[in-house]
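Student: starting from these lines, generate the structure:
(chains A and B)
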Protein chains: 2
Amino acid sequence: MCQACHGSDGSNEFSSIPNLKWQNQQYMVQQLQQFKSGQRQDKTMSKVAKLLSTEQMESMASYFSKGEEK
Amino acid sequence: MCQACHGSDGSNEFSSIPNLKWQNQQYMVQQLQQFKSGQRQDKTMSKVAKLLSTEQMESMASYFSKGEEK
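Tutor: Sure, this is the predicted structure:
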């Protein structure tokens, strides 16, 4: 799901979408929680984050923070 | 000013602060504009962004998107 926009290793070619490759893990979890709570808003991510449990957020943040292709 | 938190080349060691190294330039300008307008909020960045002109935002986003140490 995340990979469609952010790329399989977290880097992408869309200029208005952030690269997540090697992004700080804790920062990404915080941002996902803010999208879920409505504190931060984005057309796409506000919807996506509502589907995620804290455990799933941590798992995705861990994946992108390592910047490995899978 | 930016380098105190984000590092001289955009990478940093603070887990709750995003790496900006090689981040998409257009995305960074958009986020700075959102911090300035209040659409996105952060204790630090909401204040910092209010000090920046669009030209300065573009210049900083260009600097960090290149990921070069200076």
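Student: any stretches of chain A with poor pLDDT?
Tutor: A:69-70 (pLDDT under 70).
Student: residues of it that sit close to chain B?
Tutor: Those residues of chain A that sit near chain B, judged by C-beta under 8 Å from any C-beta of the partner chain, are A:11-12, A:14-19, A:21-27, A:30, A:39-41. For every residue, glycine as well, the C-beta is placed using N, CA and C.
Student: chain A: helices as residue ranges?
Tutor: A:3-6, A:25-37, A:45-50, A:54-66 (DSSP state H).
Student: with B:Leu51 as the reference, name the closest of these.
Tutor: helix A:25-37 (22.5 Å; C-beta to C-beta).
Student: show me what counts as buried in that closest one.
Tutor: A:Gln25, A:Tyr27, A:Met28, A:Val29, A:Gln30, A:Gln31, A:Leu32, A:Gln34, A:Phe35, A:Lys36 (16 or more other C-beta atoms under 10 Å in any protein chain shown).
Student: looking at these, which is nearest B:Ala4?
Tutor: Nearest member of the buried residues of helix A:25-37 to B:Ala4, counting by C-beta to C-beta, is A:Tyr27, at 16.5 Å.
Student: does that closest one touch B:Ser16 like I think?
Tutor: Yes: with contact taken as C-beta atoms under 8 Å, A:Tyr27 and B:Ser16 are classed as touching, separated by 5.5 Å.
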